[in-house]
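1. here is a sequence with its predicted model. Questions after.
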Amino acid sequence: MDGLRFAFGTLTVFPARITRWDRGAARAGMLCAPLAGLAVGLGAAALGGTLLLLGSGPLLAAVAAVAVPAVLTRGLHLDGLADTADGLGSAKPAEDALRIMKQSDIGPFGVIAVVLVLFAQVAALYALYGEGWAQGTIGAALAATVARLALTHASRHGVPPARPEGLGAIVAATVPVRSATLVTGLTLVAAAAAGLLLSPYDAVRNVVATGAALGAAALLLRRCVRRFGGVTGDVFGALEETAATVALVALTLGPGL
């Protein structure tokens, strides 16, 4: 329960009073992160699917499904994406880049990153809802779940914090690699099972999209660790948005669409 409270209390706006703020709770929380993502994704899928069934059309359903995660996270992950983009694009030493990321304003790199990510998410969900209600629903839920799974991997042993304080410091290097692998395996099984409700092809597509999302997040994580010296809360937000976007885009690719 401490892990669930930590995951929902730090990654969503759902009412969850965090009773423990230590590395043990952080480890459990990051292992439970995909469950928090699933809750957010189901909320997005519920609104998008409802609008589609009411006759709104796939575009409005896609916009709504993208808006829900932003609301349910207070926009923190989008803010983290913007700050990380500004830090990476600053071409300054790590200490100066981290200081730029802590500033309240958003620079040009951050604006561009957020705009492109939101457009990509809406476009991908528009295509999925165009296939049908079920494809859009599963896509929204899968993307949000895999996005938080990327945070589980970003918290594994060997990934240092960039600062001695903040969310990055409390969760960095808390998750054993074996535990992260187990959670990944369970997520892949769930993704395949959800796809099988539609067709064997959709099961394969879900698994491939999950792998692509985790791969993209891993590349960004590697870049951020080299650039900043470790992870921060902003980096977590950037990883989440990157994984969600790549998962959605990957779901739109392939034959038979």
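-> That came through, no problem.
2. ok, now how distant is Gly75 from Ala82?
-> 10 Å (CB to CB, to the nearest Å). In this view, the C-beta of every residue, glycine as well, is placed from N, C-alpha and C.
3. same question, Ala124
-> Taking CB to CB, one finds Ala124 at 20 Å from Ala82.
4. likewise for Trp133?
-> Counting by CB to CB - Trp133 and Ala82 are separated by 32 Å.
5. which of those two has more neighbours?
-> For Trp133 versus Ala82, the count of surrounding residues by other CB atoms under 10 Å is larger for Ala82: 27 against 17.
6. which SSE is the residue lying closest to that one once chain neighbours are set aside in?
-> Nearest residue to Ala82 in three dimensions, chain neighbours excluded: Gly110, at 3.1 Å (CB to CB, 6 or more residues apart in numbering). When elements are assigned from DSSP states H and E, Gly110 belongs to helix 108-131.
7. whichever helix or strand comes after that helix - what's its average pLDDT?
-> Of the helices and strands lying after helix 108-131 in sequence (DSSP H and E), the nearest is helix 133-154. Here helix 133-154 scores 95 as its mean pLDDT.
8. begin at 40 from now on, thanks
-> New numbering, starting at 40: the last item is helix 172-193.
9. what packs against the helix or strand following helix 172-193?
-> The C-terminal neighbour of helix 172-193 among helices and strands, as given by DSSP H and E, is helix 206-210. Contacts defined by 3 or more CB pairs under 8 Å, 6 or more residues apart in numbering; DSSP states H and E place helix 206-210 against helix 62-70, helix 272-290.
10. quick one: average pLDDT of helix 206-210?
-> For helix 206-210, mean pLDDT is 80.
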